[in-house]
Each structure stands twice: as structure tokens, then as C-alpha cells.
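In: Need coordinates for the following:
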Amino acid sequence: MESLIGLVNRIQRACTALGDYGGDQAFSSLWDALPSVAVVGGQSSGKSSVLESIVGRDFLPRGSGIVTRRPLVLQLQKTEEGQQEYGEFGHLPRKKFTDFSLLRKEIQDETDRVTGKTKQISPVPIHLSIYSPKVVNLTLIDLPGLTKVAVEGQPESVVRDIENMVRSYVEKPNCIILAISPANQDIATSDAIKIAREVDPSGERTFGVLTKLDLMDQGTNALDVLEGRAYRLQHPWVGIVNRSQADINKSIDMIAARKKEREYFATSPDYGHLSSKMGSEYLAKLLSRHLESVIRARIPSITSLINKNIDELESEMDNLGRPISLDAGAQLYTILELCRAFDKIFKEHLDGGRPGGDRIYGVFDNQLPAALRKLPFDRHLSIQSVRKIVSEADGYQPHLIAPEQGYRRLIEGSLNYFRGPAEASVDAVHFVLKDLVRKSIGECQELRRFPSLQSTIAGAANEALERFREESKKTVIRLVDMESSYLTVDFFRRLPQEVENVGNAGNGPRGSTPNASNPDRYAEVHFRRIGSNVSSYINMVSETLRHTIPKAVVYCQVKEAKSNLLNYFYTQIGKKEGKQLSDLLDEDPTLMDRRLQCAKRLELYKKARDEIESASWVRIRLEGSLTAKKITVVFVLGGPGSGKGTQCSNIVEHFGYTHLSAGDLLRAEIKSGSDNGTMIQNMIKEGKIVPSEVTVKLLQRAMDESGNDKFLIDGFPRNEENRAAFEAVTGIVPKFVLFFDCTEEELERRLLNRNQINAAQPVEEVFEAVKGVFSEVVA
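Out: The predicted model follows:
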């Protein structure tokens, strides 16, 4: 049995060494899952004296005000008779303190190291192991004394800070509370009992200790408290008689003090009948036995928690990635693999495996045609513009038949307008590709670890895209220029020609002149025809470019990006030295810190698992425990009349489950007449909610006794706190929740049918009462 507490002691030391001392929000805390005894009391309640009485040596700092400013985890290890007593600190391993006055000084120095010389407090615990043949195996956590007023040198928040620290320990379901109260004060004003009552209303986890019995007013005694009449706990109260300040000043040792304490109770007319269950020696044995039993009961759930957290941490370590090798070749290989992973995601975006590539098609199908339609050809080919351009092209000698130079100038001027949409299409696709590079880097899980490599790959990819853009622009402008360099002659040959009725001068009437019968080549209709012809040709070219520009853009940009996005980067990365490669693989400090914390926590859980598995008694215990089996738990919820009972019976019959009703278990416990049942009954009468831990323990006991490994738990949990308590105490995560729904009409019919046999009460009243319960359950 002695290895039980020693096992927890070793795990607690490992927890502190690796930074787990409870209250951790980033990780599940193993410290919180370990059973412990927290010593709680107000200042000057006699806490230090009780601890020194249990140890049998003077070793704690003394003084006025707050002396204990950090939790002290006191681990007592019983050794064989004749061996030397010594102490050993967790922060000074392998250094043995045989002089207990030096223990006191080291506690003070270590406290000051963290909190400074001020009156500040800290939640970081000090671990002290004491090895002695005069102690029992026991672990106690001495917490700062509760206070009501901040003294000089302390912040105003110290009262609240101390209470919050104490609560962080005692509110955990695995914590045993040792509540220290002085007998010469009214128990109703006890700071320790007040806080214990709030976190442990059933008194199941609380041990009450009454100090300073010898200092009570003459003619008074504390029997009402010690016998449980003033304030009842599940465990018996223990009275303690500490050394007086005069005894301390006279350096009366603890052996003599213990003897004096035994004599006090044996000869006391008030407490003589209780003497066998009073005193610091009895208290130490009582706590040791109870702590052993609690540890034994918790080992299965602790093991389950450890295994669950090892799986979760190993999975997170895989996601975070393992540490990078220092070898340059391995680093280069890692970089190339990361580049390939990024390139694969980028190609998936272009090919449609991921969203984004369709935006390139949108440029060709929407933006380019819209830009071509908006070109200002109406203004460029207006009658006034055509007349001006044609006249300027003719120069001093007007054209004779058709204004060819005018046509060419009009066409060339129009074709220049196509440069804008062509370049805009190139730029639009370029920006889409850049955005896909950014998205691909963000979606590449492997790259998230390396911000430097991310920016380097992004820079290399964007440089490549810039080169592709320049080449693409040259190509599309070349397409436009080619249309200008050689006009399609057949188009103009097919146009209707102007018919000039010049006539034959010999056939005309005598005296007539040629100009008399020719149409005016500078009339408005003539220029309108020229503009119409040019517009028709430009429309033909526009349709051609609408198809050839996308081809050029895809060939020069999209296809190149798919094939050669990082080619230049690959040639450069091969020339880099080890230091340069290491700089590229410089991780995000946040991720590095997270991986380090995960690795530490994983080491802690594996060490704890090894500690547990190395103890043969654990293996024997686990053979018959819940966690040795693969337990399946299904929560069954639903209102009265929803069919839970019927369907649970069918599941039990056909699938071999055991049906446990939380309500039935509570009623059975009440009926048993046990102290626990009485407490449950009183709480129900007072309209209070039975603590989750009480119900969970009844369920756990029933599961253990059933011998089955599949359970339907009916009527529990009713809220999130119930569920969390179930998982914390049993270490079992339910498989799923089976919820039976029912319409109110069907519910009414079933409940009224159930009540037909009772004629004493109107069925409507019964239904309304149960309907309220149903609504509460559904809510």
C-alpha cells in the first residue's frame, strides 16, 4: 500500500518539473487529476503547527502576517527505523537537508526567489519531501492562509488572490480538504469551513480539524463541533492541541509535544471518551488511509486520462511537425518537399480541384468582351473624324477613286485601341495567379511552421509571375500589331464598290463637263460609307482578338505558372549554404513554443504512464477495473412519456446493455439509510440539487458491480456540468447521446393514459405538473 502515495508523489514531482501545477488552460492538467490533501485555514488558525505536529519536526517559516506565500507540497515518506531523517526539495534534487532549520531557510529563500522580498503570493508550488521513520506516507499541500485585510506591502487584491488560489485547489473533485479551524472562535465564522461548504456541500471530501482546544475559555468545550452536532461532515472531526508560543520559545521538541497532546486528551474530562480519535498522530494516520483509498479508486480514471492525452498530444505533434534536422542535405530535402506540397496545391486551384481557377475564365468570358465593347470606335469613326483623317491622308492632292491612305490610317488608329483590353487581360490574370499563390501558401499545412520560407516562396513565385506577365504582354501586343501590319485584302474586295457615273465624254451631250455627272467625293454619305466599312473590318478583328488573346495569355502565363513557377527558385536554392537553409526553416516562435510545450507535456504523461505500469499492484488492480475493459456508455435523455423506458428495455434485451437510472440509484441510496442517502434526502427536501459527484459515484459503483462493459445511463446528465463531472470522475467519454423526442400531443395522450387508474386527482392537474417537468428536461 505504501507505494500508492509514493507513486502519486513521483508523478506530482514530474508535473512541477515540467510546468504542470494545475489550472493550465492550454493543456489538460495531470496535476488536477491526482488526488491530494489541501490544508486550508485562516491566518493564525494553527495550520503550520498542525503540519509540524504531523511531521514531528520544526521546519516551517514563522512570523506575523502571510508567511506561506506559495503552495508547499509536503510529501512524507516513511523509512525504516534507525535511518536518518532528511528533507529534499524538488528544485534541489539529490541535496539532502539533515538540519531542519536549513529547510525553513530554504523555503523562505525559494519563496523570495519567485515573489521577491515583498508580500506577494505565487501559485507555483514548492516541493519538499521528508524522509523519516516517524511519519506516515502522506502528501499535504499547505496553502496560504485566508485573510480578510491586506497589510502594508500587499496589494489590495491579495485577499481575493489568496481565496482564488485556495479555490483553484479545493474545488477539484480529486482534492481532499483539510479544514483547520481554531476552537476558541465560533465555528460559524471559520474561513476554512465557509469555503469548504461552498465547494463540498455534502462534506464528503472535507476533514475538519479543531485546533487550540486548550485555549478555550474555562468551563467551555468544543464537543458540539467534535461530535458533529454544530456542523456535520461525512468524516469525523479531529481535535489537535498544538505547542504554545511559550513551548516554541523554550524549544520544546515535537516528540515531547506529541506526548503532552496525548496526555491532554487522555486526562481531559471533556474529551477523554474521544481520546483514541484525537491528536496529530491519529489525524496523520486517518489522512494517510483515506488518501490511499482515494488514490486506489482514482487510478483507473487517471490511467484513462493519461492514455487519452498521450494520443491527443502525439496527434498534435504530428500536425505541428517534428523538429528539423541540422544536416544541410536533410534541410534542402525538406525545403524541396515543402515547395512540392505548395506547388501541388497551386495546380489544384488552377485545374479545378480547389476554387479559384475559374476566375481566370471569368476574365476571358466577361472582362475582355466587356472591355472590347466599350472601346470608343463610335467617336473615332464619326463622320467628322473620318472626314478629318481622310483629308489629312490625301494631303494637297485628293484621292482619285478610293481613299486608301485614309482607310489605312483609320484602321491603324482603331487597332491601337485594342492594346488596352489586351494588356488589361494580362494584368487581370496576373493578379488572379498572385492571389492563388497567396492562398496556396496559406492552405499548405506543412508551410505554416516556416514564415521565412513562406515569404521566400511567395517572393520567388511572384517574381516568376512578373516574368510571365511581361512575356504575355509582349505576345498580346504582338497580336494587335500583326493585325495592323497586314490588312485582310479579301475583306475589302467583298465590299460593295462605289459606282462612279463618270460616263463617256463622247457619249455625253456636247458642252457638258465630267464634274457635272460625278457624285461629290466629299459629301457626307461618302464619309459615312468609309466609316461603316472600317467599322465592319474592326469588328472582324475584334472577334479574332477575343479568341486569340486568351490563347496567348494561357500559353504565356497560366501554362508557364503550372510548369515552371519555382524552376528558377530551385536553381538558386541548390547554391545556398547550411546557414542560409537554416534561416529559411526558421519557424514561427509561437509554433516552436507550442511544440516545446507539447513535447514536455507528452514526456510528462509518458513518464506518468511508465510509473503506473511499473507498479505491479496497478496491473493487478486494472485487471478488474472499468478502464481495463473497453467501456461503452450511452446517455439516454428525454421527457417523461417519451418512450425511454420501453426502448431501453428493448436495447437491453437485444444488445446486452445494462440500464442504469440515475433517479433509481438516488432513491435506492436514500432507502438504504446510509449517511450518504440521508444527505441526499435532506438536500432534496430543501430543494437543493444533488452534487454531480455524488450521482456519478453512484453510477460508477453500479457499473463496477454489474460486471458489464456496455451501459445505458438514463436521466443523466442534465447539464454540461454533469457531463464534465462524469468524464472527470470516471475517465470515460460517452459514445453518444440517445435523445427521445415526442410531440406534446402524443406526450399528453400517453401521460393521461398512464393516469387513468387514479381517480383521486384530475388527470389535467397531473398532466400539467408532468408537462412542466418535460419542458424543463427538453430545455
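In: the strands in this protein, which residues?
Out: All strands of the chain, identified by DSSP state E, fall at 36-41, 72-78, 86-89, 126-132, 138-142, 175-182, 206-211, 238-239, 632-638, 658-661, 710-714, 736-740.
In: For residue 432, which of those is the nearest?
Out: For those, distance to residue 432 was read as C-beta to C-beta. The smallest value, 45.0 Å, belongs to strand 736-740. All C-beta atoms are positioned from the backbone trio N, CA, C, and that covers glycine.
In: residues touching the closest residue to residue 552 other than its chain neighbours, list them.
Out: Spatial nearest neighbour of residue 552, chain neighbours left out: residue 475 (4.5 Å); criterion: C-beta to C-beta, 6 or more residues apart in numbering. The contact partners of residue 475, taken as C-beta atoms under 8 Å, 6 or more residues apart in numbering, are 552, 555-556.
In: same check, this time on residue 324
Out: Neighbouring residues of residue 324 by C-beta under 8 Å, 6+ apart: 330-331, 334, 585, 587.
In: which of those are buried?
Out: Restricting these to buried positions leaves 331, 334, 585, 587, with burial counted as 16 or more other C-beta atoms under 10 Å.
In: just the residues you listed now: which is nearest residue 40?
Out: The shortest approach to residue 40 among those belongs to residue 587, at 44.1 Å (C-beta to C-beta).
In: give me every residue that touches the nearest residue to that closest one once chain neighbours are set aside.
Out: Counting by C-beta to C-beta, 6+ apart, residue 587 lies nearest to residue 449, which is 4.9 Å off, once chain neighbours are set aside. When contacts are counted by C-beta under 8 Å, 6+ apart, residue 449 touches 320-321, 587-588, 591.
In: can you check residue 566 too?
Out: Residues 339, 343, 457, 460-461, 464 are the ones in contact with residue 566 under the rule C-beta under 8 Å, 6+ apart.
In: Just the residues you listed: which are in helices?
Out: Taking DSSP state H, the ones among those that sit in helices are 339, 343, 457, 460-461, 464.
In: Can you lay out those residues as CSV showing distance to residue 613, neighbour count and pLDDT?
Out: Formatted as CSV, the ones in helices among the contacts of residue 566 follow (distance: C-beta to C-beta, whole Å; neighbours: other C-beta atoms under 10 Å; pLDDT from 0 to 100):
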residue, distance to residue 613, neighbour count, pLDDT
339, 44, 22, 92
343, 46, 18, 93
457, 45, 26, 93
460, 51, 20, 93
461, 51, 26, 94
464, 55, 20, 95
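In: Could you export these as JSON lines, including distance to residue 577?
Out: Supplementary listing: the ones in helices among the contacts of residue 566 in JSON lines, determined by distance: C-beta to C-beta, whole Å:
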{"residue": "339", "distance to residue 577": "18"}
{"residue": "343", "distance to residue 577": "24"}
{"residue": "457", "distance to residue 577": "19"}
{"residue": "460", "distance to residue 577": "18"}
{"residue": "461", "distance to residue 577": "23"}
{"residue": "464", "distance to residue 577": "23"}
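In: quick one: the residue nearest to residue 552 from residue 467, how far?
Out: The gap separating residue 475 from residue 467 is 13 Å, by C-beta to C-beta, to the nearest Å.
In: And the lowest mean pLDDT element among the helices and strands of the chain?
Out: Within the chain, judged by mean pLDDT, DSSP states H and E, the helix or strand with the poorest mean is helix 514-517; its value is a mean of 42.
In: if we can go back for a sec, which one of the strands of the chain lies closest to residue 156?
Out: strand 36-41 (22.4 Å).
In: Against which helices or strands is the closest one packed?
Out: In this structure, strand 36-41 packs against helix 47-55, strand 138-142, helix 158-170, strand 175-182, helix 191-199, with contacts taken as 3 or more C-beta pairs under 8 Å, 6 or more residues apart in numbering; DSSP states H and E.
In: if we compare these, which one ends up closest to residue 692?
Out: With C-beta to C-beta as the yardstick, what comes closest out of these is helix 191-199 (12.5 Å).
In: Give me the contacts around the closest one.
Out: If you take C-beta under 8 Å, 6+ apart as the criterion, helix 191-199 is touched by 40-42, 45, 146, 163, 166-167, 170-171, 177, 179-181, 187, 203, 206, 208, 231.
In: Dump it to PDB, restricted to CA.
Out: Written as PDB, here are the backbone C-alpha positions of helix 191-199 (Å, rounded to 0.1, in the frame of the first residue of the first chain):
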ATOM      1  CA  ASP A 191     -12.900  30.800   6.900                       C
ATOM      2  CA  ALA A 192     -11.900  27.200   6.200                       C
ATOM      3  CA  ILE A 193     -15.400  25.700   6.800                       C
ATOM      4  CA  LYS A 194     -17.000  28.600   4.800                       C
ATOM      5  CA  ILE A 195     -15.000  27.800   1.700                       C
ATOM      6  CA  ALA A 196     -15.300  24.000   2.200                       C
ATOM      7  CA  ARG A 197     -19.100  24.200   2.500                       C
ATOM      8  CA  GLU A 198     -19.200  26.100  -0.900                       C
ATOM      9  CA  VAL A 199     -17.100  23.700  -2.900                       C
END
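In: For that helix, give the mean pLDDT please.
Out: On average, the pLDDT along helix 191-199 is 92.
In: got it, and stretch 471-486?
Out: Confidence over stretch 471-486 (mean pLDDT, whole number) is 92.
In: quick one: buried residues of it?
Out: 472-473, 475-477, 479-480, 483-484.
In: do the same with stretch 173-188
Out: Counting neighbours by 16+ other C-beta under 10 Å, one finds that the buried residues in stretch 173-188 are 173-183, 187.
In: Between these, which sits nearest residue 62?
Out: Using C-beta to C-beta, the buried residues of stretch 173-188 come closest to residue 62 at residue 180, 15.8 Å.
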